[in-house]
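In: Need the 3D shape of this:
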Amino acid sequence: MDYLIILIIIGTSIWVYFDAKSIGVKKGQITGIANMGPLGWFFVCLFLWIIGFPVYLAKRGEFKRINSSQPSKTSGDSLTQLEKLAEMKDKGILTEDEFNRKKQELLK
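Out: Model prediction:
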């Protein structure tokens, strides 16, 4: 029974790592205790599974929303991307801080 629990913890931690990489999780995307990259999530889930795994599942939707709303670098010019960001901010998809961060990236 102990081996099964250890196997579940290791398996879900590995899944969290690859899932976080696939949806584009990066440190600095959100604020608070969940501000980690894929490797950070892996270790939190591995060593503090009872807390880390549920927190990752709770924050996963937020990471997906943030990463799906980012315009790609190859699409259109900066003005078009900035207009899209402004629309997303007006619709409530992006917060003011997220909008300002993305705007600064575009203007560099």
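In: Just the element for Ile93, please.
Out: For Ile93, there is no enclosing helix or strand under DSSP states H and E.
In: and the strand or helix carrying Asp19, how far from the chain's centre?
Out: Using DSSP H and E, Asp19 sits in helix 2-23. Between the centre of helix 2-23 and the centre of its chain there are 17 Å (C-alpha atoms, centre = their mean, to the nearest Å).
In: Just list what that helix packs against, helices and strands only.
Out: helix 38-47, helix 49-68 (3 or more C-beta pairs under 8 Å, 6 or more residues apart in numbering; DSSP states H and E). Any C-beta I mention is one placed from the backbone N, CA and C, and that applies to glycine too.
In: Excluding its own residues, what touches it? List them.
Out: With contact meaning C-beta atoms under 8 Å, 6 or more residues apart in numbering, helix 2-23 is reached by 37-39, 41-43, 45-46, 49, 52-53, 56, 60, 63-64, 67.
In: which among these end up buried?
Out: With burial judged by 16 or more other C-beta atoms under 10 Å, the buried subset of the contacts of helix 2-23 is 38, 41-42, 45-46, 49, 52-53, 56, 60, 63.
In: separation between Thr80 and Ile33?
Out: Distance of Thr80 to Ile33, given as C-beta to C-beta, to the nearest Å: 36 Å.
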